[in-house]
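**Q** the amino acid sequence is not available; the structure is as follows:
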């Protein structure tokens with residue numbers, strides 16, 4: 001008997017019906033959820049398209065948790081240049097902390 005693994009994924013870019021990185025992130029999570037329980041940490045701005053997709057498609061083992069940096073820091077992303085990479089680094093740190101909190105509530109494989 002194969003048991004379903006509980007998988008936690010960090011996917012900064014994760015949107016249904018998109019190409020490139022957002023589409024790959026979302027498709028990977030969907031595929032994993034066919035045989036596993038998948039929890040995904042992604043950006044809050046992806047919520048609308050993800051919620052709409054899940055409303056119209058059945059993925060009972062796919063769960064999303066949203067995280068974003070405070071708006072004051074998010075504005076630096078728009079300025080690109082020298083601020084872009086620190087922005088991504090801070091998002092990854094914040095996502096790690098969110099993952100740590102989720103791990104305390106749920107046991108992931």
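**A** Looks like it came in fine. Computed from a predicted structure; not experimentally measured.

**Q** packing partners for the lengthiest helix in the chain?
**A** In the chain, assigned by DSSP state H, the helix with the most residues is helix 84-105. Secondary-structure packing of helix 84-105 (3 or more CB pairs under 8 Å, 6 or more residues apart in numbering; DSSP states H and E): strand 6-10, strand 37-43, strand 62-67, helix 71-79. Just so you know, the C-beta spots here come from the backbone N, C-alpha and C atoms, and that holds for glycine as well.

**Q** give me the contact list for it.
**A** By CB atoms under 8 Å, 6 or more residues apart in numbering, the list of residues contacting helix 84-105 from outside reads 8, 10, 12, 39, 41, 43, 65, 67-69, 73-74, 76-77, 108.

**Q** for the spatially most central residue of the chain, which non-adjacent residue is closest in space?
**A** Nearest to the mean C-alpha position of the chain, counting by CA atoms, centre = their mean, stands residue 42 at 2.4 Å. Sequence neighbours aside, residue 14 is the residue nearest to residue 42 in space, at 4.1 Å (criterion: CB to CB, 6 or more residues apart in numbering).

**Q** tell me, how many neighbours does that neighbour end up with?
**A** 25 (other CB atoms under 10 Å).

**Q** which ChimeraX command selects the buried ones in the contacts of helix 84-105?
**A** Buried residues among those (16 or more other CB atoms under 10 Å), as a ChimeraX selection:
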select :8,10,12,39,41,43,67,68,69,74,76
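
**Q** which two of the contacts of helix 84-105 have the greatest separation?
**A** 76 and 108 (31.1 Å; CB to CB).

**Q** burial count for residue 62?
**A** With other CB under 10 Å as criterion, residue 62 counts 22.

**Q** and it, what are its bridge partners?
**A** Here residue 62 sits in beta bridges with residue 38, as judged by DSSP bridges.

**Q** now that it has come up, it's in contact with residue 35, right?
**A** No - between residue 62 and residue 35 there is no contact under CB atoms under 8 Å: 11.7 Å.

**Q** measure residue 48 to residue 12 for me?
**A** 17 Å (CB to CB, to the nearest Å).

**Q** what sits against the residue lying closest to residue 63 once chain neighbours are set aside?
**A** Closest residue to residue 63 apart from its sequence neighbours, by CB to CB, 6+ apart: residue 39 at 4.8 Å. Residue 39 sits next to 6-9, 63-65, 102, 106, 108 when contact means CB under 8 Å, 6+ apart.
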